[in-house]
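# Sequence first, predicted model second:
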Amino acid sequence: MIKLLHLSDIHMGSGFSHGRINPETGLNTRLEDFVSTLGRCIDRAIAEPVDLVLFGGDAFPDATPPPFVQEAFASQFRRLVDAQIPTVLLVGNHDQHAQGTGGASLCIYRTLGVPGFIVGDRLETHLVQTCNGPVQIITLPWLTRSTLLTRPEAEGLSMGEVGQLLIDRLRVALEGEIRKLDPEVPTVLLAHLMVDNARYGAERFLAVGKGFTVPVSLLARPCFDYVALGHVHRHQVLCEQPPVVYPGSIERVDFSEEKEDKGFVLVELTRKQTRFEFCPLPVRAFRTIEVDLSEAEDPQLTLLSALKPAVVQDAVVRLVYQLRSEQLEQIDTPSLHQALNLAHSYTIHPELVSQLARPRLPELGVGRSIDPMEALKTYLANREDLRELEAEMVEVAQWLLLDEQTTGFDLAEAAAGDPEIDSDLETVEDQNTQLRLL
Ligand SMILES: [Mn+2]
């Protein structure tokens with residue numbers, strides 16, 4: 001039996017806006033959180049001790065992290081070198097650099113010849129000798145379309161056809177590795193990808209065109225004793241036999257992970273009878289506190305009573321409250337700040353509720369579907385102010401609907417085919433902490 005620790009999606013150096021500067025160290029407190037959480041994973045690997053550590057990719061938010069972040073990451077993994085625990089670092093999408101090949105931020109470990117460290121930046125099989133015998137590890141880093149397909153090959157194909165072609169290419173390439181395997185030796189597939197039956201958040205939309213989704217049947221093969229995945233931040237088990245597992249990220253990267261448990265996976269690897277266990281990590285809480293004050297008699301009191309110390313203490317807090325404009329004066333902002341002072345960090349988002357809350361048009365009814373043209377006409381009939389535009393709007397709407405039916409035009413597909421839009425999506429991803437990609 002070979003014991004291994006599988007962790008993924010460290011994203012060290014992200015989420016600084018949820019932290020503050022620690023005056024004693026000069027470092028962002030969220031970096032300190034990520035370092036101590038990574039430290040707990042490494043502590044466990046050494047305490048067990050495990051025979052092998054597998055990292056599923058996405059070490060940093062991008063391929064060029066600042067030196068102090070690189071160093072914080074390296075100083076934790078360095079402990080595995082000292083403990084003589086072999087380690088495989090897989091290259092995720094965030095580790096890839098637009099220039100050159102492979103993961104610049106991780107390849108340094110190979111360049112330096114760090115003993116026992118393997119960097120998985122291509123599809124390749126590694127035979128690793130551990131204290132409890134050999135293991136075969138197939139590394140499958142994040143693949144983009146351009147890795148598997150040239151532009152002329154994709155020309156004239158629909159997105160669906162391109163997706164199928166990519167899967168076919170990957171299947172052939174993987175088959176080539178599988179044929180080289182020694183069937184007697186325990187085998188792990190370590191891959192950074194999206195699996196089609198995984199539960200995603202916003203990452204699914206944001207990854208449009210950046211990669212492709214792989215059917216679980218391609219991975220859940222009897223030749224593998226464990227499939228160690230990275231990319232999706234929510235921990236999940238996609239298949240039991242063999243285990244196909246996303247450990248998820250080790251720390252909450254943003255509020256979309258508010259309700260997710262964070263942790264790593266301990267695996268007892270054997271041919272055919274692998275066992276594994278998710279080990280939760282005590283990470284910093286993220287809490288959204290949402291209060292509707294629009295009907296409250298005493299909005300200030302209602303708001304303060306929602307900010308209980310037990311909820312706020314040491315958490316990254318996002319306070320959202322709705323109120324009417326005439327209630328604004330009843331809110332004493334300094335006392336809110338005082339109540340939130342216990343939080344690790346916080347933001348306050350007041351939202352004004354319009355007095356003329358849009359009444360639903362009774363003609364449209366509730367819970368029944370309606371033809372878009374019929375809905376538009378009903379809407380226009382209720383809008384005196386748009387009377388002059390009515391005819392034109394109906395005509396344009398008809399054109400739009402016709403266009404959609406005849407060409408099947410779809411924004412997501414259009415974006416998928418356009419590399420510039422890909423990079424725009426990447427920018428959106430970097431800037432918008434609500435919409436996080438793996
Ligand atoms: Mn990823």
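Thanks, I have the structure now.
# When you work out contacts or count neighbours from here on, use the C-alpha atoms and nothing else.
Noted.
# Helices of the stretch 1-150 of the chain, start to end?
Per DSSP state H, counting those that start in this stretch, the stretch 1-150 of the chain carries helices over the ranges 29-47, 67-82, 104-111, 145-148.
# What helices and strands are in contact with the shortest one?
Spelled out, that is helix 145-148. Helix 145-148 sits against helix 159-179, with contacts defined as 3 or more CA pairs under 8 Å, 6 or more residues apart in numbering; DSSP states H and E.
# CA-only coordinates of the helix it packs on, as PDB, when you get a sec.
What follows is helix 159-179, C-alpha atoms only, in PDB (Å, rounded to 0.1, in the frame of the first residue of the first chain):
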ATOM      1  CA  MET A 159     -17.700  24.100 -31.700                       C
ATOM      2  CA  GLY A 160     -19.300  20.700 -31.000                       C
ATOM      3  CA  GLU A 161     -17.200  19.100 -33.800                       C
ATOM      4  CA  VAL A 162     -14.000  20.700 -32.500                       C
ATOM      5  CA  GLY A 163     -14.800  19.500 -29.000                       C
ATOM      6  CA  GLN A 164     -15.300  16.000 -30.200                       C
ATOM      7  CA  LEU A 165     -12.000  16.100 -32.200                       C
ATOM      8  CA  LEU A 166     -10.200  17.300 -29.100                       C
ATOM      9  CA  ILE A 167     -11.500  14.500 -27.000                       C
ATOM     10  CA  ASP A 168     -10.600  12.000 -29.800                       C
ATOM     11  CA  ARG A 169      -7.000  13.400 -29.900                       C
ATOM     12  CA  LEU A 170      -6.700  13.200 -26.100                       C
ATOM     13  CA  ARG A 171      -8.100   9.700 -26.000                       C
ATOM     14  CA  VAL A 172      -5.400   8.500 -28.500                       C
ATOM     15  CA  ALA A 173      -2.600  10.300 -26.600                       C
ATOM     16  CA  LEU A 174      -3.800   8.900 -23.300                       C
ATOM     17  CA  GLU A 175      -4.100   5.400 -24.800                       C
ATOM     18  CA  GLY A 176      -0.400   5.700 -25.900                       C
ATOM     19  CA  GLU A 177       0.600   6.300 -22.200                       C
ATOM     20  CA  ILE A 178      -1.700   3.500 -20.900                       C
ATOM     21  CA  ARG A 179      -0.100   0.900 -23.200                       C
END
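# Of all the residues in it, which ones are buried?
The neighbour-count check on helix 159-179 (16 or more other CA atoms under 10 Å) flags 162-163, 165-167, 170, 174, 178 as buried.
# Check stretch 45-62 too.
Residues of stretch 45-62 classed as buried under the neighbour-count rule (16+ other CA under 10 Å) are 45-46, 50-62.
# ok, back up a step: out of the helices of the stretch 1-150 of the chain, which comes closest to the ion?
The closest of these to the ion is helix 104-111. By CA to the ion, the value is 14.3 Å.
# which bits of the stretch 51-200 of the chain sit near the ion?
Residues of the stretch 51-200 of the chain that fall close to the ion, judged by CA under 5 Å from the ion: residue 93.
# One more pass at 8 Å, please.
57-58, 92-94, 142, 192-193 (CA under 8 Å from the ion).
# Of those residues, keep whichever come out buried.
Applying 16+ other CA under 10 Å to those, the neighbour count classes 57-58, 92-94, 142, 192-193 as buried.
# Around the nearest residue to residue 133 once chain neighbours are set aside, how many other residues sit close by?
Nearest residue to residue 133, sequence neighbours excluded (CA to CA, 6 or more residues apart in numbering): residue 2, at 7.3 Å. By other CA atoms under 10 Å, the residues close to residue 2 number 19.
# just residue 332 next, same as before
13.
# Could you measure from it over to the ion?
Residue 332 sits 43 Å away from the ion, going by CA to the ion, to the nearest Å.
# Let me see the contact set for that residue.
Contact analysis of residue 332 by CA atoms under 8 Å, 6 or more residues apart in numbering lists residue 300.
# so what pLDDT did it get?
At residue 332, the pLDDT value in this model is 93.
# Up against the ion, what does the stretch 201-350 of the chain have?
230-232.
# Give the residue spans of the stretch 251-400 of the chain that score low on pLDDT.
The stretch 251-400 of the chain contains residues with pLDDT under 70 at 355-369.
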